[in-house]
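S.K.: turn this into a structure:
(one chain, ligands or ions: 2)
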Amino acid sequence: MYPIHVNLSGKRVIVAGGGLVAYRKIKDLLNEEAILTVISPAAVNEIQEWHAEQKLTWIEREVKREDLKEAFLIIAATNSKETNAWIASHAKPKQLVNVADQYESGNFILPSVIRRGRLVLSVSTGGASPSLSKIIKKELQQTYSEDYETYLDFLFECRAIIKKEFPEKCRRTLLSNLTDSRFLYDKEKQNVFKQALINQVGQTDRIKTIE
Ligand SMILES: C[C@@]1(CC(=O)O)c2cc3[nH]c(cc4nc(cc5[nH]c(cc(n2)[C@H]1CCC(=O)O)[C@@](C)(CC(=O)O)[C@@H]5CCC(=O)O)C(CC(=O)O)=C4CCC(=O)O)c(CCC(=O)O)c3CC(=O)O
Ligand SMILES: NC(=O)C1=CN([C@@H]2O[C@H](COP(=O)(O)OP(=O)(O)OC[C@H]3O[C@@H](n4cnc5c(N)ncnc54)[C@H](O)[C@@H]3O)[C@@H](O)[C@H]2O)C=CC1
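M.R.: Numbers count the residues shown, from 1 in each chain. Ligands and ions are numbered 1, 2, ... in the order given. Got it, this is the predicted structure:
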C-alpha cells in the first residue's frame with residue numbers, strides 16, 4: 001500500500017451505506033470540502049442532520065450503477081457483502097475505491113488518523129489489525145500534543161517567507177533553525193523569530209544573527 005494524502009477539495013465522493021462504519025468515515029471526509037453524497041435506504045441521525053445542514057447530500061435509496069459514474073472516490077460501506085463487491089467490480093480502474101468489509105477488492109484502505117492542524121499522522125497495519133492502528137494512534141496522541149498545531153502554522157508561515165524572500169544559499173540554515181525544539185512550546189519565541197525573519201528581508205548578509 002502506497003501512502004499518500006489526497007486533496008479532495010471539489011471532488012465528488014460517494015459513500016454507499018449510512019450505518020456506523022459509513023458515519024465514521026464520513027465524519028473525517030467532512031473536513032475535506034469534497035462534494036459528498038451518501039446513498040443508503042437508511043442513515044444514522046448524524047448523517048441525516050448533516051444532510052439537513054447541507055454538509056452532504058443523502059439519497060435515500062439503494063446504490064445504483066449511475067451513482068458511481070462521476071465519482072473521484074467511492075466508499076462501499078453497506079452491510080451487504082454482495083453490494084460492496086458489486087460496487088468494487090463496477091468502479092472504473094481510475095476511481096479510488098474503499099471496500100469496508102473486504103479491502104482486497106478495493107484499491108485503498110483508510111488509516112487511523114491524528115490531526116494537529118497541518119500535521120497529519122496516519123497509521124495503517126495494511127489490514128492486519130485496525131484495532132492495533134487505533135492503539136498506536138492513541139500512543140501518538142500522547143506524544144504529539146495540541147501545541148503542534150500552532151507550531152506547524154509557525155513553520156508554514158516562516159517557510160513561506162524564507163522561500164519567497166531569501167536566497168538559496170541561506171535557506172537551508174534558516175529552515176533547519178526552525179525545527180529547533182525550543183520553538184515547539186513557546187509561542188513568544190515563535191513570534192520573535194518570525195519578526196526577526198521579516199526584519200531581515202533584503203539584508204541576507206546579516207542572516208546568521210537570527211536566533
Ligand atoms: C482494511 C480496512 C479497510 C478500510 O476500512 O479502509 C478495515 C477493515 C475492517 N475493519 C474491521 C473492524 C474494525 N475496524 C475498526 C476501526 C477502524 N478501521 C479502520 C480501517 C480499516 N478497517 C482498514 C485497515 C486499517 C489498517 O490497516 O489498520 C480505521 C483505522 C479507520 C476508519 O475506518 O476510519 C478505524 C479506526 C479508527 C480510529 O482510529 O479510531 C475496529 C475498531 C473499532 O471500531 O473500535 C474494528 C473492530 C475490531 C477489529 O476487527 O479489529 C473489519 C471487520 C469487520 C467484521 O467484523 O467483519 C474489517 C474488514 C476486514 O478486515 O476485511
Ligand atoms: N472497515 C471498517 O472499519 C469496518 C467495517 N465493517 C464492515 O462494514 C459494514 C457496515 O457496517 P455497519 O455500518 O456497522 O453496518 P450497519 O448495519 O450499521 O449499516 C449498514 C448500512 O448500509 C445500508 N445499505 C444496505 N444495503 C444497501 C444498498 N444496497 N445500498 C446502499 N446502502 C445500503 C443500510 O441502509 C445501512 O445504513 C459491515 O459489512 C462490516 O462487516 C465493520 C466494522 C469496521
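S.K.: all contacts plus neighbour counts: C-alpha atoms, from now on.
M.R.: OK.
S.K.: what residues of the lowest-mean-pLDDT helix or strand in the chain count as buried?
M.R.: When the helices and strands of the chain are scored by mean pLDDT, DSSP states H and E, helix 168-178 comes last with a mean of 86. For helix 168-178, the neighbour count (16 or more other C-alpha atoms under 10 Å) marks Arg171, Leu174, Leu178 as buried.
S.K.: tell me the first helix or strand C-terminal of that helix.
M.R.: Note on helix 168-178: by DSSP states H and E, the next helix or strand toward the C-terminus is helix 187-200.
S.K.: so that following helix versus helix 168-178, what angle?
M.R.: For helix 187-200 against helix 168-178, the angle by axes from the mean of the first three to the mean of the last three C-alpha atoms, to 10 degrees is 170 degrees.
S.K.: how about helix 187-200 as CSV, C-alpha atoms only?
M.R.: Extracted C-alpha coordinates of helix 187-200, given in CSV (Å, rounded to 0.1, in the frame of the first residue of the first chain):
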residue,chain,number,x,y,z
LYS,A,187,4.7,31.0,21.2
GLU,A,188,6.7,34.0,22.2
LYS,A,189,9.9,32.6,20.8
GLN,A,190,8.0,31.7,17.6
ASN,A,191,6.8,35.3,17.2
VAL,A,192,10.2,36.8,17.9
PHE,A,193,11.8,34.6,15.3
LYS,A,194,9.2,35.3,12.8
GLN,A,195,9.5,39.1,13.3
ALA,A,196,13.3,38.8,13.1
LEU,A,197,12.9,37.0,9.8
ILE,A,198,10.6,39.7,8.4
ASN,A,199,13.1,42.4,9.6
GLN,A,200,15.9,40.6,7.8
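S.K.: which helix in this structure has the most residues?
M.R.: helix 147-165 (DSSP state H).
S.K.: so which bits of it are buried?
M.R.: Tyr148, Glu149, Thr150, Tyr151, Leu152, Phe154, Leu155, Cys158, Arg159, Ile162, Glu165.
S.K.: so what's the second one up against?
M.R.: Residues in contact with Glu149 (C-alpha atoms under 8 Å, 6 or more residues apart in numbering) are Arg116, Gly117, Arg118, Leu119.
S.K.: again, 6 Å this time
M.R.: Arg116, Gly117 (C-alpha atoms under 6 Å, 6 or more residues apart in numbering).
S.K.: quick revisit: a markdown table for the buried residues of helix 147-165, including distance to ligand 1 and pLDDT?
M.R.: Listed next are those as a markdown table, based on distance: C-alpha to the nearest ligand atom, whole Å; pLDDT from 0 to 100:
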| residue | distance to ligand 1 | pLDDT |
| --- | --- | --- |
| Tyr148 | 19 | 96 |
| Glu149 | 19 | 96 |
| Thr150 | 23 | 95 |
| Tyr151 | 23 | 95 |
| Leu152 | 22 | 96 |
| Phe154 | 27 | 96 |
| Leu155 | 27 | 95 |
| Cys158 | 31 | 95 |
| Arg159 | 31 | 93 |
| Ile162 | 36 | 91 |
| Glu165 | 40 | 89 |
